[in-house]
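Enquirer: need a structure here:
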Amino acid sequence: MRIGFYFAPGYGYYSVPRNYWGQRWQVGEYLPSIFWRYQLNDWRTFGLGYPPAGTRWVLVDNQIYLIDAYDGYIIEVIYDAWSW
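Expert: Now for the predicted structure:
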């Protein structure tokens with residue numbers, strides 16, 4: 001565990017601004033654009049469904065979010081996606 005860093009499979013550790021440490025977003029909120037780049041392309045490996053057109057799965061620490069690719073609106077959340 002590294003303080004101030006999150007881990008995303010396929011991307012490794014990445015730095016996170018302090019105001020986002022430990023933050024968990026809910027369905028209906030907007031995911032900050034800083035996290036949109038950590039897209040989950042191998043969604044089948046995690047037992048997830050195909051993301052509908054205009055959406056994408058993204059990895060944020062230990063959560064997986066299905067967001068609208070245009071504005072980051074959170075459609076679905078999977079908390080505690082894997083154990084460390």
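Enquirer: excluding chain neighbours, what is closest to Ile75?
Expert: Nearest-residue entry for Ile75: Leu66, 4.6 Å, with adjacent residues in sequence omitted and distances by Cβ to Cβ, 6 or more residues apart in numbering. Where C-beta positions appear, they are placed from N, C-alpha and C, glycine not excepted.
Enquirer: please apply the same query to Asp71.
Expert: Nearest one to Asp71, counting by Cβ to Cβ, 6+ apart, is Tyr30 at 6.6 Å.
Enquirer: now Trp21
Expert: Gly4 (6.7 Å).
Enquirer: does the one you found touch Arg18 like I think?
Expert: Yes: between Gly4 and Arg18 there is a contact at 7.0 Å, judged by Cβ atoms under 8 Å.
Enquirer: between those two, which has more neighbouring residues?
Expert: Gly4 (11 against 7; other Cβ atoms under 10 Å).
Enquirer: the strands in this protein, which residues?
Expert: Remark: strands assigned in the chain by DSSP state E are 5-8, 12-15, 55-60, 63-68, 74-78.
Enquirer: what's across from Ile67 in the sheet?
Expert: When bridges are taken as DSSP bridges, the partners of Ile67 come out as Arg56, Ile74.
Enquirer: next one: it from Arg18, what distance?
Expert: Here Ile67 is placed at a distance of 22 Å from Arg18 (Cβ to Cβ, to the nearest Å).
Enquirer: check Arg24 too.
Expert: Counting by Cβ to Cβ, the gap from Arg24 to Arg18 is 16 Å.
Enquirer: which residues touch the residue nearest to Pro9 when sequence neighbours are not counted?
Expert: Leaving aside its sequence neighbours, Pro9 sits nearest to Leu59 (Cβ to Cβ, 6+ apart; 6.9 Å). Contacts for Leu59 (Cβ atoms under 8 Å, 6 or more residues apart in numbering) come out as 8-9, 11, 38-40, 81.
Enquirer: show me those residues that map onto helices.
Expert: Residues of the contacts of Leu59 located in helices (DSSP state H): none.
Enquirer: thank you, goodbye.
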